[in-house]
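Peer 1: What shape does this take:
(chains A and B)
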Number of protein chains: 2
Amino acid sequence: MNLETFIKSHAGTPIVLVQGLGFVGSVMSLVVANAINGNYAVIGVDRDTLAGRKTVDSLNAGVFPIVADDPKIAEFFEKSRQKGNFYATTDTAAYAVADIIIVDINLDVHKVSNEKYALSGYDVTLAPFISAIKTIGRHCKPDVLVLVETTVPPGTSKEVVAPTLKAALEERGLPSDKIRIGHSYERVMPGPQYVDSIQNFYRVYSGIDEKSADAVETFLKTIIRTDEYPLTRLGNTNATEMAKVLENSYRAMNIAFVVEWSRMAEEAGVDLYEVVHAIRQRPTHSNLMFPGIGVGGYCLTKDPLLASWSRTNLLGGKDKLKQSETAVSINDQMPRYAFEFLERRYPSAISSKSVLLLGVSYRGDVGDTRFSPVEPFYRCLLAADARLSAHDPYVNRWPETGISPHTNLSDALTVQPDIAVISTGHRMYQQEETTKALLSCSPMWIYDTIGLLSSTQIKKLQTKHTVIILGRGDL
Amino acid sequence: MNLETFIKSHAGTPIVLVQGLGFVGSVMSLVVANAINGNYAVIGVDRDTLAGRKTVDSLNAGVFPIVADDPKIAEFFEKSRQKGNFYATTDTAAYAVADIIIVDINLDVHKVSNEKYALSGYDVTLAPFISAIKTIGRHCKPDVLVLVETTVPPGTSKEVVAPTLKAALEERGLPSDKIRIGHSYERVMPGPQYVDSIQNFYRVYSGIDEKSADAVETFLKTIIRTDEYPLTRLGNTNATEMAKVLENSYRAMNIAFVVEWSRMAEEAGVDLYEVVHAIRQRPTHSNLMFPGIGVGGYCLTKDPLLASWSRTNLLGGKDKLKQSETAVSINDQMPRYAFEFLERRYPSAISSKSVLLLGVSYRGDVGDTRFSPVEPFYRCLLAADARLSAHDPYVNRWPETGISPHTNLSDALTVQPDIAVISTGHRMYQQEETTKALLSCSPMWIYDTIGLLSSTQIKKLQTKHTVIILGRGDL
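Peer 2: The predicted structure is shown next:
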């Protein structure tokens, strides 16, 4: 099938185009193709690059490009294939037929850090985003609804997207007053609730005018279970854009907050985990975070900077968001703090010691190493001349470092490490077999950087090994 | 009745002494005197000063010294008077007969601020606290249980209380190994749940050794509904002391976080209240705070500093808790930010304008002006040469400023203010009569610093007046 055939075979059906087929766009396409209150033909468009073409070919060949625990992914993908209402392409001609265009491309921040991993500068690279919006403007219908889902610097829909699209339409000699532009952010969580995190979750939305907001509302009601998860309309697009980055800045700051306390707990001989557990019993304090090796993933590490950047670059403010920038910088340094904790505790130099990393991906039971905090931790160990190896049941190649983790724990343990570091929260490390395997090694140090070990495990391991835990001064 | 008679009449009954009869100690005394699973004779001891004697005389005369909304206060006080098991005194002889001593005195921080209300320095004044502990040591039984409830710098029970008490016992030629010392913090909230915030709430506790922790547990189980609100024992006294200041630092930081966003919302034409409401729907973000005029009360304004001070002064750390100190400093400046918002918006100079403050106490429906953020806000207006007056239904004398608020709103409005500022969340300001009274005035500016006005109220008021709201750039 080609694009033309796909379009012809869906004549009369509203066409939804999803721009960008990454972690959000690919699953968003499935949710729209399986709309609960509507019937859409969905065209997923990716860039005409090697990676883009690979994603598109994979989708059209019936192989979903993202591996995820959620069985609904396969189910939704299969359904859309049976219905034949989902087609992927790199052909920009698709924009011309779309009634609704959902923008799900990335908008990146380029960070500059010093040798201690503290943030020394950053820049928001708007150009690729603007170029994608221009592509829409060059081809779209004048009355299309453009729904931006990308996490953007607040002000972008109003100051960038709207003028860019309108100028492009005017250049084509078309009216620019019929286009509707809205913003609504997803709260996608890759993992077992992947589809539900779109279909069964609260949404915040807005439009650049009343008609745009109405159009977004009408559309979202067809794909989200708004009876159980009511929509929230905010006053303007600045508000929803700000809400998204505020959400993630809040979380980043809560994580950063606990870093200092983690060190204080160490000095005071205190188990910070039990302290945090005790405090979180209060509903007013339930969002307090636990200590850990660092923050991973695409959002928390950059969204506060998007917000701060926009304040002075798009919204006319004269100050940065200092606290949010500080939070990012502190979080970026967490892996180094985690390394320093080991350095302070370990009785001799780390140099030439054999260190085994248990887990390299950015979160538990996921095989994704992008923005993993284990990487800077690894670099600290490397700079200290440790001999490094790694284990990860989900990762046999760690592109950011070039090393190849063992996927089998017994194989990994044959090096008889001096120090084994629990660096990712894979559930298998909590299992009895892991404890047994560790106990079969010669006496070593076990360093839990995320508080994963249970007290029973700790007691067993302590019969042979020395156990230390980040944020626990009592061990 | 005198102390001797009281003691004699309770021979055979365990005696609990509460040291310090302030906001915590006075209500704690009532809770112990009405223990749910025990029978105690309670002696409340205050200092032999004018204020202390006044409190003691008032209690013994049957007048509870703190005015509060909670009907249980009167009920518990009356019950203890009927049982005759509560006596107040300034006589240190009481310490000699106590089986349990609960320390509920204050431990203050002396803050130094610059002209912009930013924190420029601070000092923890431990001396009065140590002196109170010495008083205990000079008189107490060698096997007394001393339960510290005061919010102290982490490390205090172990590094200050224990050595001070043991030295005092040894000086008296008594054994120092029988004393039990514990720490457990209350989460008292003056207001309608005053008694419940002690009797029906979670507690965290610890002891300087196992026996001490056991003794604290046994006692707490007799006064708290631990079946519904289970106790949490932490590993050592450093941990519980740290938990308390961490709790309040967390809250202070969450408040400080929203300050910058408040200004950004203003620049972006965004209603930050609707944004925060939308975000708080997520359980992981439910502790996000709303913007406001500032932080009041005794705890949040100093506890983060207690923590930071202890890190370098008691626990041997080399760094301060920078984020927590920054949070206090930002919060201290919030009233100034609130003033600057008005200055930016108001079309002419504030100088010589008549400004009416609606509410001067530190929180809604409470008549307490100590540490009220309205005070620095008032000082900013004063420095700008505004003509100031105030209304507060609960406060007819504002000692911190020397002015006397009107308690009747109509009286307050006869000045025909240029600007009326809603500065405290008294419920009466949300009522229809208030809206009517404001609408009867000549056109003016109404400045809501806490987001108290409903959208209905705002619409009505806007028919005549100009309404601005802190954190709302859309108005």
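Peer 1: CA atoms for contacts and neighbours, from now on please.
Peer 2: Fine.
Peer 1: by contact count, what packs against the helix or strand hosting residue A:77?
Peer 2: Using DSSP states H and E, the element containing residue A:77 is helix A:71-83. In terms of contacts (3 or more C-alpha pairs under 8 Å, 6 or more residues apart in numbering or on different chains; DSSP states H and E), helix A:71-83 is packed against helix A:25-33.
Peer 1: Give me the helices and strands touching the longest helix belonging to chain A, please.
Peer 2: Of all segments of type helix in chain A, defined using DSSP state H, the longest is helix A:237-268. Where contact means 3+ C-alpha pairs under 8 Å, 6+ apart, helix A:237-268 is packed against strand A:180-185, strand A:203-207, helix A:272-280, helix A:303-313, helix A:322-345, helix B:237-268, helix B:272-280, helix B:322-345.
Peer 1: which helices and strands sit right next to the helix or strand just after the second one?
Peer 2: It stands for strand A:203-207. Under the assignment DSSP H and E, the closest C-terminal helix or strand after strand A:203-207 is helix A:210-223. In this structure, helix A:210-223 makes packing contacts with strand A:145-148, strand A:180-185, strand A:203-207, judged by 3+ C-alpha pairs under 8 Å, 6+ apart.
Peer 1: Measure how the longest one sits relative to helix A:237-268, angle-wise.
Peer 2: Going back to what we said before, that points to strand A:180-185. Angle, strand A:180-185 to helix A:237-268, by axes from the mean of the first three to the mean of the last three C-alpha atoms, to 10 degrees: 10 degrees.
Peer 1: Kindly check the end-to-end length of stretch A:467-475 for me.
Peer 2: Counting by C-alpha to C-alpha, to the nearest Å, the length from the leading to the trailing residue of stretch A:467-475 is 7 Å.
Peer 1: Between helix A:25-33 and the helix holding residue A:77, find me the angle.
Peer 2: On the basis of the same axes, to 10 degrees, helix A:71-83 is oriented at 60 degrees to helix A:25-33.
Peer 1: just checking, next helix/strand downstream of helix A:71-83?
Peer 2: Counting by DSSP H and E, the element after helix A:71-83 in chain order, helix or strand, is strand A:86-89.
Peer 1: what mean pLDDT does that next one have?
Peer 2: Here strand A:86-89 scores 98 as its mean pLDDT.
Peer 1: Looking at the record's assignment, how would you partition chain A?
Peer 2: Following the assignment in automatic domain parsing, chain A carries domains at A:3-235, A:346-469.
Peer 1: Out of the helices and strands packed on helix A:237-268, which gets nearest to residue B:16?
Peer 2: Each of those was scored for nearness to residue B:16 using C-alpha to C-alpha, and the closest is helix B:237-268 (21.1 Å).
Peer 1: just to revisit the earlier point, mean confidence (pLDDT) on the longest helix of chain A, please.
Peer 2: Confidence for helix A:237-268, expressed as mean pLDDT, is 96.
Peer 1: so what does the lowest-mean-pLDDT helix or strand in chain A touch, helix or strand wise?
Peer 2: Least confident element among the helices and strands of chain A, by mean pLDDT, DSSP states H and E: helix A:196-199 (a mean of 93). Contacting helix A:196-199 under the criterion 3+ C-alpha pairs under 8 Å, 6+ apart are the following elements: helix A:25-33.
Peer 1: Can you give the contact residues for the helix or strand that the helix it packs on is followed by?
Peer 2: Reading on from helix A:25-33 to the C-terminus, the next helix or strand found by DSSP H and E is strand A:41-45. Strand A:41-45 is contacted by residues A:10, A:13-21, A:25-26, A:29, A:32-33, A:56, A:85-92, A:94 when judged by C-alpha atoms under 8 Å, 6 or more residues apart in numbering or on different chains.
Peer 1: Quick check: nearest residue in space to residue A:470, chain neighbours excluded?
Peer 2: The spatially closest residue to residue A:470, leaving aside those adjacent along the chain, is residue A:449, at 5.0 Å (C-alpha to C-alpha, 6 or more residues apart in numbering or on different chains).
Peer 1: Would you agree that neighbour is in contact with residue A:420?
Peer 2: No: Residue A:449 sits out of contact with residue A:420 when judged by C-alpha atoms under 8 Å, with a separation of 10.5 Å.
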